[in-house]
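>>> from the sequence below, what's the structure:
(3 chains)
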Amino acid sequence: MKPISKRNRKIVGLFLIPTVVVLFFTTIYPMLYALWLSFRSYDLAKLFVPRVFVGLANYQEVLSSAGFFHALFITFKLMAFTLSVQLVLGVGIALLVAQRLPGMALVRTLLMTPMMIAPVIVGLVWLFVYFPELGYLNYFLGLIGIPPIPWITSIQWALTAIAIADIWQWTPFIMMGVTAALHSLSPEPYEAARIDGNSKIDVFLRVTLPQLKPVLISLLFLRAIDAFKIYDIIYVLTKGGPSDVTEVISLYIYRQSFTFWRMGVGAAASFVSLFVISVLITLFFRSMNRSAAAQA
Amino acid sequence: MSSVVLKNVTKRYGLHEVVHAIDLEVTEGEFAVLLGPSGCGKTTTLRMVAGLEDISSGEIKIAGRRVNDVEPKDRQIAMVFQNYALYPHMTVRQNMQFALKPQQLEAKEVAARIDEAARVLGLEPLLERKPSQLSGGQRQRVAMARAMVRTPKVFLFDEPLSNLDAKLRSQVRVEIAKLHKRLGTTALYVTHDQVEAMTLADKIVIMKDGNIEQIGSPEEVFARPRNLFVASFIGSPAMNLIEMTVESQGGRAVLKGAEITIPAPSGAAGKIKVGQRVTVGIRPSDLHIAKPADSGPVYDATVDVSEFLGTEVLLDLRVGGAEMTAQIPAQEKPAEDQAIRIAFDLNAVHLFDTASGVAV
Amino acid sequence: MTTGRVRDNVVTYLLVALVLIVFMTPIYLIVSSSLKPAPIMFSRPPAFLFTPTLQNYYDLFTMRPFHLQILNSLMAALGSTAVSVTFGSLAAYAISRVKARWMNDVAFWILSTRMFPPIAVVVPYYIIFKSLGLLDTPLALIIVYSTFNIPLTVWLMKGFFDEVPPALEEAAQLDGHGVVATFLYVVLPLAAPGLAVAAVFCFIFSWNEFLFALMLTGSNAQTVTVAVMSFWSSDAIQWGRIMAGSFIVLIPGVIFVLTCQRWLVKGLTMGSVKG
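Alright, predicted model coming up:
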């Protein structure tokens, strides 16, 4: 589609310039700097050790460290858990509130609020809920006979506690997207199914779900990119502890850079994780294109 | 035994009544068409028969059984929708299988029914395709096949041809007619297109504003419209309607209006009063160019516009003070702005009381 | 009557009530805790009925220059929003209208900046801003936030621009209007809802941001999110004041959801959901 003449196209192309310039200086430049850091031994803790070029030493350390891979593992474990629960809950709640009943529109609006709250605040309120000895979650669990759970202080529960907070915040996002998608589906096939007598579960699995698939993939993709970077909530709730069971990649980088003051290592870890996520995204897009081509 | 019976059926949305206590009987094997303009309640009525809308009051029976509170799936009906209502992610075959699934038939039976429907509707090469790969006409045939495989007692059609372009419309119309002839199942069909109604129906039910205006065979509603609405709705081009008054002339009743005078048709003589305002209806096809042998009244007319249709010509005429359309064979085509003389058979004239709209 | 429908759907309404309790309780906690004096903050059973006090809010504004911090947050958010919406919509227009191979790569690069973990660029930004003397200024935050908001705006606006028929631009150009005039007076008004959505999202993201605000600002340009966290000192967590501050941080997001819900949905699902 060539809606405008060639000369005009060139002018419109120029519209890109402010953005490109800004982003260039704010992303490429800092990234190059970070890259430079990653090749240096930049230990701010050791005042008298010179900041020298150390080649790939930082990368070697990162790639051979159990800490880094552990952080990657925790990150993906958390992502897998939260995304799958968000998906199921989001779709379920969307179906529940998509019904045309009095008050549902208000319910849908109210349910959107968690995702607009600052992650730091989400962390704080869940800290309040989880707080050892004082938090109200254990109180109410106690009312139904469940013994108090050391949410953020125990190794078994810390990651789950974080997952719950994250799921709480982001399920509305999935719910909202699915609601919009459900709204765009044409109603007649559902009436036909009503006349033919197909069971509701059958209709959901074979009529609704296939139509929702593209939307769900899109939503999960957006969520995955953000979930990989998760930071604020964990910073508030556990700071990566206890004993690094909740140390996701962002926190590992934080710890290297600002607790141990080993900036070079932190930078190297950043680039390796960037590489990892780029590979994953490329694989994702490639498999999408392949399945799209297969369907055509 | 009547296949579908509506008794005193009313539909209300809140305080707003859209269907007013209608009565209708469709006999077994009959093809009944609900015809009317948008908003007349025909689709609402169809959906009440289907069970997709609740009945506010009255009773509907299908195959002798009261179905007011029966779920659509238990009414032994099948429906063909305006937008095809095909399941987008299933192939044609899977669409039909899914429709049959609740009936829990043996796989062999299911396959047999699908093959039969595909054969009848010419869908064999399309069975493994998805709806997005089909044309509008093909999709509608798949919708019909999906309804057919369920062997219902009643077929319901909701404006199935409205989404098709003109050429496809006549093709699929013929398919529907053939299907009905072959299966003989009772059909209830909704449309706003009177051509569809006239060609397909055994019985036409004309509706307006939630009321039934007339029920009859195509011939009946065409030749003997019960009121002005039916008269002007049926027939294309529409019937010419002229408002006139009954007067007495030389001891005989005449109709005067728009600067012309028409002697009252003999059959109407006893039913009209002097001074009564009547609307005279003459179908364009009943007007012809006056020939010397004509015995009836003859009128001067000027041709404003003439539209050539191939075998016929439509003349936009001015007769006295009235504008009329005449439909004449192409050979007799006069020149534009020419003055001609037209005539018509008095017995073909329809009379309606202007105030009430009812036929005289 | 609607009551009949409510009765038929008891199970649905029960489930909805459950869902609402789960998702609304934390927000209720923030509000109610902000009004509780410290002694009853964690009382068991929880104090549902109590005499509310505004002490926490009072403390918030007297123990910290909270009004200044709100101002800082506003400056950073509004500044970044203005920059991002302007630059981003220009770029989105170019991406939407100019179809070329290289354009796809540029678009991909712009959108890929979202994938980098922010923590990774904190140090470079710190050093760069320090050398430029921009540490602890709202400008630093405006720049950093724009880095994330511009791609977001581009993502959103491209979808809106795609929905404007090119025939309108062709008509305008046949009438003799230049490209810029066409963009400003023909295309932009039609994509205005998108601008509103983009502005809201840029604002919310900037207002809610924590990490960069923490690292790049000191006492002068500190934002509300950092200020709230500052009530968590090593000896005690001052819950009442934290909750009061949290409530204030909460406000813009909640307002936008309640008022612009339909547009927010459209913006967020743009590109994911058809029409």
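>>> okay, CA-based contacts and neighbour counts for the rest of this
Will do.
>>> middle-most residue in the chain, spatially?
Using chain A. Against the mean C-alpha coordinate of chain A, by Cα atoms, centre = their mean, the closest residue is A:Ala227 at 1.4 Å.
>>> nope, chain C
With Cα atoms, centre = their mean applied to chain C, the nearest residue to centre is C:Ile204, 1.4 Å.
>>> which SSE is it in?
Using DSSP states H and E, the secondary-structure element containing C:Ile204 is helix C:192-208.
>>> what residues does chain B have near chain C?
Contact residues (Cα under 8 Å from any Cα of the partner chain) of chain B with chain C: B:Gly14.
>>> phi, psi of B:Gly275?
The phi and psi torsions at B:Gly275 (degrees, to the nearest 10) take the values phi 90, psi -10.
>>> quick one: contacts for it?
If a contact means Cα atoms under 8 Å, 6 or more residues apart in numbering or on different chains, then B:Gly275 has B:Thr245, B:Val246, B:Glu247 as its contacts.
>>> how about the helices of the stretch 1-150 of chain C, start to end?
For the stretch 1-150 of chain C, the helices defined by DSSP state H, counting those that start in this stretch occupy C:2-8, C:10-34, C:55-63, C:66-97, C:101-112, C:118-132, C:138-162.
>>> chain B is nearest to which of the ones you listed?
Judged by Cα to the nearest Cα, the one of the helices of the stretch 1-150 of chain C that comes nearest to chain B is helix C:2-8, at 10.3 Å.
>>> whichever strand or helix holds B:Met48 - contacts with which helices or strands?
Using DSSP H and E, B:Met48 sits within helix B:42-50. For helix B:42-50, the contact count by 3 or more Cα pairs under 8 Å, 6 or more residues apart in numbering or on different chains; DSSP states H and E identifies strand B:154-158, strand B:186-191 as packing neighbours.
>>> next, the angle strand B:154-158 makes with the last one.
Read it as strand B:186-191. Per axes from the mean of the first three to the mean of the last three Cα atoms, to 10 degrees, the angle that strand B:186-191 makes with strand B:154-158 is 10 degrees.
>>> tell me the average confidence for strand B:186-191?
Mean pLDDT, taken over the full extent of strand B:186-191, equals 96.
>>> equivalent analysis for the shortest one, please.
Predicted confidence along strand B:154-158 averages 95 (mean pLDDT).
>>> by mean pLDDT, flag the weakest helix or strand of the chain.
In the absence of a named chain, chain A is used. Taking all helices and strands of chain A together, the one with the lowest average confidence (mean pLDDT, DSSP states H and E) is helix A:6-14, at a mean of 78.
>>> run through who's touching the helix or strand following it.
Proceeding N to C from helix A:6-14, the next assigned helix or strand is helix A:16-23, under DSSP H and E. Contact with helix A:16-23 is made by C:Phe87, C:Gly88, C:Leu90, C:Ala91, C:Ala92, C:Ala94, C:Ile110, C:Thr147, C:Ile150, as judged by Cα under 8 Å, 6+ apart.
>>> could you tell me how many residues sit around C:Leu135?
22 (other Cα atoms under 10 Å in any protein chain shown).
>>> skip the chain neighbours and tell me the closest residue to it.
With Cα to Cα, 6 or more residues apart in numbering or on different chains as the criterion, C:Leu135 has its nearest non-adjacent residue at 5.4 Å, and that residue is C:Phe129.
>>> wait, doesn't B:Lys73 sit right on A:Ala192?
No. Using Cα atoms under 8 Å as the test, B:Lys73 is too far from A:Ala192 to be in contact (9.5 Å).
>>> near chain A, which residues of the stretch 1-150 of chain B show up?
Neighbours of chain A within the stretch 1-150 of chain B, by Cα under 8 Å from any Cα: B:50, B:52, B:72-74, B:77-79, B:81, B:83-89, B:98-102.
>>> show only the entries of the residues you listed found in strands.
When DSSP state E is applied, these are split such that B:Ile77, B:Ala78, B:Met79 fall in strands.
>>> so where's the chain shaky on pLDDT?
Using chain A. Applying pLDDT under 70 to chain A flags residues A:1-5, A:44-51, A:292, A:294-296.
>>> not quite, I wanted chain C
By pLDDT under 70, the weakly predicted segments of chain C are C:1-8, C:270-275.
>>> buried residues in the helix or strand harbouring A:Phe81, which are they?
In this structure, A:Phe81 is located in helix A:66-97 according to DSSP H and E. For helix A:66-97, a neighbour-count test (16 or more other Cα atoms under 10 Å in any protein chain shown) marks A:67-72, A:74-76, A:78-79, A:82-83, A:85-87, A:89-91, A:93-94, A:96-97 as buried.
>>> also stretch B:252-272?
Residues of stretch B:252-272 classed as buried under the neighbour-count rule (16+ other Cα under 10 Å) are B:Ala253, B:Val254, B:Leu255, B:Lys256, B:Gly257, B:Thr261, B:Ile262, B:Pro263, B:Ala264, B:Pro265, B:Ile272.
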